[in-house]
Every structure is written in C-alpha cells, then in structure tokens.
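**Student:** dropping a prediction and its sequence here:
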Amino acid sequence: MFLQHGSQRKLLRQAFLDDDGIAMTHFRLRTQLFIATLLIICGLTGALLLIIRHTVSVETERQVRDGTDASVRAFESVQHQRSSNSRALPQCSPICRS
C-alpha cells in the first residue's frame, strides 16, 4: 500500500511534531543514554586525536631539529679537518704529500 505524497508528509509531521508544531524529544531513556554516551565517546575520541596530533608534530619537529644539528656538526667537523690538513700539507716535504 502506497501513501500519497501529502499523507506521507502528514505522517512524518505527526511522528516528530506535537500539536503546536514543536519537535518532540520524547525518546526512551535507553535511547537518550545511548546518544549521550555516543556524544561523549565522539568528544573524547576527537580530543585524543588532537592531543596525539600535537604530540606527534612536536616530536617530529624535535627529531628533525636534532638530526639537522647533528648533520651540521658533522659537516663542520669534516670541514675543520680538511682545512687543518690543507694547512699542514705545505709544511711537509714532497715525500709526505704523495
């Protein structure tokens, strides 16, 4: 049995609106508790994801900074060794340079 478009709308209006046209919120207690629990879980999950995102961002930034600093120190050390070796070479005899 199919309902006409107007009667479908009337049934929906009766199901969700009271006589004054205000939306009814008469849900069973079990449904209300389920919705409240669902909202709490969603809120906590969202907050936890934001905290994890921030923590990962900070840790990644720290690791990149530490790695970059280590690379710069290694480069400066090699550069210092090369400059020390190049200064020492002219002082050596020709046998030393080969």
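**Tutor:** Everything's here; your move. Residues are numbered from 1 along each chain as shown.
**Student:** got the domain boundaries for the protein?
**Tutor:** If you go by automatic domain parsing, the domain ranges for the chain are 1-40, 59-89.
**Student:** lowest average pLDDT across these?
**Tutor:** Within the domains of the chain, the least confident segment by mean pLDDT turns out to be domain 1-40, at a mean of 72.
**Student:** mind listing the helices for this protein?
**Tutor:** Under the criterion DSSP state H, the chain contains helices at 5-16, 29-88, 94-97.
**Student:** name the residues that touch stretch 51-62?
**Tutor:** With contacts defined as CB atoms under 8 Å, 6 or more residues apart in numbering, stretch 51-62 is touched by no residue outside it. For every residue, glycine as well, the C-beta is placed using N, CA and C.
**Student:** check which residues of it are buried.
**Tutor:** By neighbour count on 16 or more other CB atoms under 10 Å, the buried set for stretch 51-62 is empty.
**Student:** export it as PDB, just CAs?
**Tutor:** Listed in PDB are the C-alpha atoms of stretch 51-62, where the atom choice follows Å, rounded to 0.1, in the frame of the first residue of the first chain:
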ATOM      1  CA  ILE A  51      46.400  15.600  21.500                       C
ATOM      2  CA  ILE A  52      48.100  12.800  19.600                       C
ATOM      3  CA  ARG A  53      48.400  15.100  16.500                       C
ATOM      4  CA  HIS A  54      50.100  17.800  18.600                       C
ATOM      5  CA  THR A  55      52.400  15.300  20.300                       C
ATOM      6  CA  VAL A  56      53.500  13.800  17.000                       C
ATOM      7  CA  SER A  57      54.000  17.200  15.500                       C
ATOM      8  CA  VAL A  58      56.200  18.400  18.400                       C
ATOM      9  CA  GLU A  59      58.200  15.100  18.500                       C
ATOM     10  CA  THR A  60      58.700  15.100  14.700                       C
ATOM     11  CA  GLU A  61      59.900  18.700  14.800                       C
ATOM     12  CA  ARG A  62      62.300  17.900  17.600                       C
END
